[in-house]
Structures are given as structure tokens and as C-alpha cells.
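A.B. asks: I need the structure of the sequence given here:
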Amino acid sequence: MESRPLRYFVAVAEELNFARAAERLGISAPPLSRAIRRLETELGVTLFERTTHSVALTRAGEVLLAQARFALDALEAAGRRAQRAAGPDRTLVLAVKADGDAGLLEPVLERYATDPAALPVTVRLCGWLEQPRLLRRGEADAALIHEPFDRTGLDSETLIAEPRVAVLGAAHPLAARDHVLLADLGLRPGDLHRFLEDMRHEGRDLAQLLTRVALGELVALLPASVADRYPRPGVVYRPVPDAPPSLLAVAWPQQSRSTATAALVRTAAAVAAAVREGDDGAAEAGQPVASTRARSWSLSGGPGRA
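C.D. replies: Below is the predicted model of the structure:
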């Protein structure tokens, strides 16, 4: 299957309108419609339910849309990685949400620089959960990211599990307590994912979020490391002992065979192991070992399969 019909299909699937999709692609509607018909014939399935007033994806179309996006991203990623590999200054791009590294970024970079397989690192700061897209499109080689996230085409290794804290304005009634339960916030454990998604839409970065908390406009749930690293007037942090932990992972593309990326994964796992053991000196001395997956990657030249 060629990439052009897939691009045409994705445009129609996203617009759900042949005229708008044709305009987006820079072609006219009749050849676009014919191309979609040929694709349906080739696959032997109906991808769209068409009426005179609407276009809707069939079940087969929904499945193909997810796979087509991934396939097109993989093609673009292959080109980007080839261009970067041929460039005069090879680097490793690490995608990180600003303030979302649980304090691991600096020690990981410091230790990684001593690895013989290391490349110079470019840290790409990004927004909430942008890292999977950057990895799939070849714009980043690895990422520090909080779970859960879309793992399509990615491998990952959980590094740190942190307790969560409620972030409250100093005048909030719950701020007088020494801890807060999910029920106090009107939440059940099953509500947490949606609550976090809504919270991420309330501010592009931590500074904005904390400002809105201080103004009494909202309550947030964040990893406990934020409380230590970002004390702020007008904001209090209270433990939430019944909240599921916040999980930080290192992620990378499944197709990666980069020894430099493998070294970064090993380093991140080793530094995180030292933090979990409460021995900062061990990370510098190289005592903790990486996970099974990272160790097998170091032997095979690519992501190991534990």
C-alpha cells in the first residue's frame, strides 16, 4: 500500500467532509473520492458511510485511521532520523515536560555524559503529554513522561512512583488539615484520570497552574516532588494517602536501535534506582543496575524484550 492513499484517507477521516479534505490536500474533490474508492476496493472493506449530508467512519475506517496515522508518522520519522544521522553534529533529543522530571533530569544528564556511548543531549521542553507524538514523529529520541500515555509504537520503563499531593490555596478550607483524602476532593480512584486531564487544560505550565490555585480558582493533584521543588506563597501542599501514585517513565521508539538512546535508558533506570534506594551517592558511583529491558538492549544494540 502506498502512502498517498493513506494520506488522502486520513484527511477525509479527520475532516469528515470530502470538499474540506480536498482543499486541505490541494486537490479537487472528484479525484479524492475516486482515490478513496480505489483504496476501499483494494482493502475489500467500506471505510466511510456516505449520505448526501454526512460522512462517517465505519468500524473498519476507525481501525485504519489509527494505523494509518502511525504508519505515516513512522515514514516521516524515518526521514527525520536519517537526516539527523547524516548531519555534522549528531545529538540525542530528550523530550521533557518542564517541571515534570521528578528531579531526575539533571542527575541523569550528568551521569549520561560519562557513558562512552553518549551523544550531546538537546533537551526539548514540551507541554502536557506531547512526548509520544514527538517520539513517533522522529523529533525526539527519548522522553521522560508521566503515565498513563499513548504507548502506540513506543517502549517504556517506569522509573519512579511518587505519592500525590493536593495543591490548595492557602484560604481553602482543606488547607488546615494535615492530609486530604480523595473523597474530600469529591473524587473516587476511578475519577483520577479524567480529573488530571481536566487539570492539564487549566494551565499550560506549572507556574500558571499554581497561580490559579493561589487565587482559589482550582485545586490540583501533583507529584509530591513538586512540593519540595516549588514552594510558593499562597499555596499549600497536603498528602493524599489514598490516591494512586504518580508514575514517571522513560520512553523511546520501539524501532530504535541507537546505542546512544540505549545508554540514556540505562542511565535513567540506574539513577532512578538510586533515588528509590535513598542513596544519592550510589547513582554517581554507578552501583545501581538498570532494568532487565535496558540491560538486554545494551547487549543487542536495540530495545530488549524482557
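A.B. asks: hey, where'd the strands end up in this structure?
C.D. replies: 48-50, 55-57, 92-97, 121-126, 142-146, 154-162, 164-169, 220-223, 235-239, 246-253 (DSSP state E).
A.B. asks: Surely Phe18 touches Phe48?
C.D. replies: No - applying Cβ atoms under 8 Å, one finds Phe18 not in contact with Phe48, separated by 9.0 Å. Heads up, the C-betas are built off the backbone N, CA and C, glycines and all.
A.B. asks: quick one: least confident helix or strand in the chain?
C.D. replies: Using mean pLDDT, DSSP states H and E, the weakest-scoring helix or strand in the chain turns out to be helix 292-300, at a mean of 34.
A.B. asks: Could you count how many residues lie near Trp252?
C.D. replies: 23 (other Cβ atoms under 10 Å).
A.B. asks: re the thing from before, for the strands of the chain, which one sits closest to His201?
C.D. replies: Closest of these to His201 is strand 220-223, at 11.9 Å (criterion: Cβ to Cβ).
A.B. asks: Sheet partners, orientation included, of that closest one?
C.D. replies: strand 164-169 (antiparallel) (DSSP bridges).
A.B. asks: Just give me how far the strand it pairs with sits from the chain centre.
C.D. replies: Relative to the centre of its chain, strand 164-169 is centred 23 Å away, using Cα atoms, centre = their mean, to the nearest Å.
A.B. asks: what's in contact with that strand?
C.D. replies: 174-175, 180, 185, 209-210, 213-216, 219-224, 226-227, 234-240, 243-246 (Cβ atoms under 8 Å, 6 or more residues apart in numbering).
A.B. asks: filter the residues you listed to the buried ones?
C.D. replies: Burial by neighbour count, judged by 16 or more other Cβ atoms under 10 Å, picks out 174, 180, 185, 209-210, 213-214, 219-224, 226-227, 235-240, 243, 246 from the contacts of strand 164-169.
A.B. asks: re the thing from before, any shared contact partners between Phe18 and Phe48?
C.D. replies: Common contacts of Phe18 and Phe48 (Cβ under 8 Å, 6+ apart): 12, 55.
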